[in-house]
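Novice: Model the structure of this input:
(one chain, ligands or ions: 1)
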Amino acid sequence: MKLTNRYYFDYNATSPLACSVKDWVASGGVFLGNPSAIHLSGRESAKLIHETCDFLFSIFGLKKTHDLFFHSGATEGSNTILTGFVDSMKKDDGALFLYSPTDHSCITETAPIMEGKGLQTEMYKINKNGEFDEVFFQGGYLDKFTGNSILNYTWVNNETGVVWDLKKASRIKEKTNAFIHVDATQAPFKVEDWRKLDCDIDAYSFSGHKFGSFTGVGFSFIKKGYKYNRFRGGTQNLHGIYSMKLAIEEKLLKVDISRTRKAKQYLESELSKLIHKKGEIVGAESSLRNSNTIMMIVYGKKANNLLPAFDMGGMDISSGSACSSGLSGPNRVLLGMGYSEADASCALRFSFEPELTQESANTYFERIKSVFVRIL
Ligand SMILES: Cc1ncc(COP(=O)(O)O)c(C=O)c1O
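Specialist: I've put the predicted structure just below:
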């Protein structure tokens with residue numbers, strides 16, 4: 001996206017506010033009463049929350065099988081679900097918490113908490129393309145599952161854009177009946193089937209600032225009947241909640257995922273030719289990728305040195321975790337995929353707007369090239 005005098009290529013970290021949200025704020029729609037109050041302003045506010053709930057159920061389905069709750073970002077949503085499920089479950093000696101080395105740190109950092117609550121934890125292996133390897137997983141883990149085991153399944157990776165087919169999670173659910181949490185944070189508007197949620201899967205978490213709402217707000221679906229700690233702020237984050245409805249409505253009209261994908265593929269193939277043997281595109285061999293992300297390794301060139309070159313060239317890009325685009329060490333996700341420390345320190349991530357067009361892709365390529373020709 002072109003900002004006033006810069007290009008913003010860090011959409012997987014945070015998306016700029018949707019126009020509909022800015023217009024709502026500009027139009028003065030921001031004064032809202034406490035939705036729990038019974039006066040008119042409170043009732044008007046509660047109505048906006050109900051509208052948002054109805055809207056989310058209408059676009060995702062799941063009304064019969066799941067409850068919906070709002071929280072701050074996906075970090076809080078997933079932690080509430082995972083640790084809450086453990087607290088509520090009948091203790092069972094063999095229960096496992098399984099997660100991947102490529103999961104977001106908000107999941108990997110939950111592991112010690114789960115251990116503290118009496119679960120065994122294990123990081124399962126994924127293949128070198130960053131894919132969930134169903135055959136390997138079934139061979140290694142299927143018979144270890146007990147009814148109270150938990151699997152975290154990250155649908156779309158924030159760093160590499162590698163997509164894990166949700167059907168694989170559904171098959172594991174069918175075979176094990178383990179509790180499955182899908183981290184769906186990066187799915188909206190970046191994969192074609194982002195609204196097709198399987199009602200057999202236990203929980204899904206989303207985060208609003210990834211698709212143009214205010215930051216610090218998100219929502220999760222969790223199967224009806226689970227008892228988990230739902231003590232949350234008594235006064236709901238109404239502005240944040242309603243901004244998610246506005247942002248999704250706008251993007252549903254504006255985003256054409258197949259158009260974005262085509263434009264991104266063009267950019268990727270041009271960048272690939274440009275770096276030729278001096279680097280590689282991460283996950284290029286994986287069978288499913290999202291529509292907006294290109295992660296590259298530039299051999300022997302540390303990201304900490306490359307990032308300022310892009311910054312001075314007027315481009316906002318990232319090298320590490322989606323939420324910490326400052327200076328960083330080796331990329332944890334790449335290490336998890338089996339890359340060496342040296343290569344994992346030389347990664348750059350471009351994540352474009354879901355509204356990307358071929359015309360913008362042409363401009364972006366020239367812009368990115370102007371930096372690469374100096375550093376390659
Ligand atoms: C895959 C994934 N999961 C979870 C999170 C955490 O989201 P939040 O910043 O809303 O807490 C992120 C943030 O980048 C993410 O990309």
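
Novice: Please name every helix or strand in contact with the host helix or strand of Met244.
Specialist: Assigning secondary structure by DSSP states H and E places Met244 in helix 238-254. Applying 3 or more C-beta pairs under 8 Å, 6 or more residues apart in numbering; DSSP states H and E, one finds that helix 238-254 contacts helix 19-26, helix 40-60, strand 218-223. Using the backbone N, CA and C atoms, a C-beta is placed for each residue, glycine as well.

Novice: Excluding covalently adjacent residues, which one is nearest to Cys106?
Specialist: The spatially closest residue to Cys106, leaving aside those adjacent along the chain, is Thr75, at 3.9 Å (C-beta to C-beta, 6 or more residues apart in numbering).

Novice: The one you found: what secondary structure?
Specialist: Assigned by DSSP: H, G, I helix; E, B strand; the rest coil, the conformation of Thr75 is helix.

Novice: neighbours around it, how many?
Specialist: Counted with other C-beta atoms under 10 Å, the neighbours of Thr75 add up to 20.

Novice: Against Met123, how distant is it?
Specialist: Distance check for Thr75 against Met123: by C-beta to C-beta, to the nearest Å, it reads 19 Å.

Novice: What of Phe9?
Specialist: Shown here: Phe9 relative to Met123, a distance of 30 Å by C-beta to C-beta.

Novice: Looking at those two, which is more packed in?
Specialist: A count of neighbours by other C-beta under 10 Å puts Phe9 above the other of Phe9 and Met123, at 25 against 15.

Novice: okay but the more buried one is in contact with Phe350, surely?
Specialist: Yes. Phe9 is in contact with Phe350 according to C-beta atoms under 8 Å; the separation is 4.6 Å.

Novice: so what sits against both of the two?
Specialist: Both Phe9 and Phe350 are contacted by Ile317, under the criterion C-beta atoms under 8 Å, 6 or more residues apart in numbering.

Novice: What is the burial count for the nearest residue to Phe132 once chain neighbours are set aside?
Specialist: Using C-beta to C-beta, 6+ apart and skipping residues adjacent in sequence, the residue nearest Phe132 is Trp164, 4.4 Å away. Residue neighbour count, defined by other C-beta under 10 Å, stands at 23 for Trp164.

Novice: Pretty sure Trp164 sits against Ser170.
Specialist: No. With contact taken as C-beta under 8 Å, Trp164 and Ser170 are classed as non-touching, separated by 11.5 Å.

Novice: per-domain residue ranges of this structure.
Specialist: By the assignment in automatic domain parsing, the chain contains the domains 7-17+255-375, 19-253.

Novice: For Gln338, grab phi and psi.
Specialist: Rather than Gln, residue 338 is Gly. phi 100, psi 10 (degrees, to the nearest 10).

Novice: if I look at it, how far off is Met123?
Specialist: Separation of Gly338 from Met123 (C-beta to C-beta) stands at 13 Å.

Novice: Same check on Asn158?
Specialist: For Asn158, the distance to Met123 under the criterion C-beta to C-beta works out to 17 Å.

Novice: Tell me which residues touch the residue nearest to Phe132, please.
Specialist: With contacts taken as C-beta under 8 Å, 6+ apart, Trp164 has the following neighbours: Glu131, Phe132, Tyr153, Thr154, Trp155, Val156, Asn157, Leu288.

Novice: which SS class is the first one?
Specialist: Think Glu131. coil.

Novice: Touching, it and Val162? I think so.
Specialist: Yes. The pair Glu131 / Val162 is scored as a contact, 6.3 Å apart, by C-beta under 8 Å.

Novice: and Leu142, how many neighbours does it have?
Specialist: Applying other C-beta under 10 Å, we find 12 residues neighbouring Leu142.

Novice: Mind pulling up the pLDDT for it?
Specialist: Each residue has a pLDDT score; the one for Leu142 is 82.

Novice: Let me see the contact set for the most far-flung residue of the chain relative to its centre.
Specialist: For the chain, the C-alpha lying farthest from the average C-alpha position belongs to His39; by C-alpha atoms, centre = their mean, that distance is 37.9 Å. Each residue near His39 by C-beta under 8 Å, 6+ apart is listed here: Gly33.

Novice: And the pLDDT at it?
Specialist: 74.

Novice: Low-confidence regions, the stretch 251-376 of the chain specifically.
Specialist: Along the stretch 251-376 of the chain, segments meeting pLDDT under 70 span 320-328.

Novice: Tell me where it has strands.
Specialist: Secondary structure of the stretch 251-376 of the chain, counting by DSSP state E, counting those that start in this stretch: strands at 279-281, 293-298, 315-316, 347-351.

Novice: Show me which residues of the stretch 151-300 of the chain sit near the ligand.
Specialist: Residues of the stretch 151-300 of the chain lying close to the ligand (C-beta under 6 Å from any ligand atom) are Thr154, Asn158, Asp183, Thr185, Gln186, Ser207, Gly218.

Novice: got a list of contacts for the host helix or strand of Ile172?
Specialist: In the assignment (DSSP H and E), Ile172 maps to helix 166-176. Applying C-beta under 8 Å, 6+ apart, the contact partners of helix 166-176 are 132, 134, 137-138, 142, 145, 149, 151, 153, 155, 178, 180, 182, 193, 196-198, 200-202.

Novice: Quick one: mean pLDDT for that helix?
Specialist: Along helix 166-176, the predicted confidence averages to a pLDDT of 94.

Novice: Now the element after that helix, going C-ward?
Specialist: Read in the C-terminal direction, the helix or strand following helix 166-176 is strand 179-183, with elements assigned using DSSP H and E.

Novice: Buried residues, the helix holding Ile172. List them.
Specialist: Neighbour counts using 16 or more other C-beta atoms under 10 Å place Leu166, Lys168, Ala169, Ser170, Ile172, Lys173, Thr176 of helix 166-176 among the buried residues.

Novice: Likewise for stretch 11-21?
Specialist: Along stretch 11-21, the positions that meet the burial threshold by neighbour count (16+ other C-beta under 10 Å) are Tyr11, Asn12, Ala13, Thr14, Ser15, Leu17, Ala18, Ser20, Val21.
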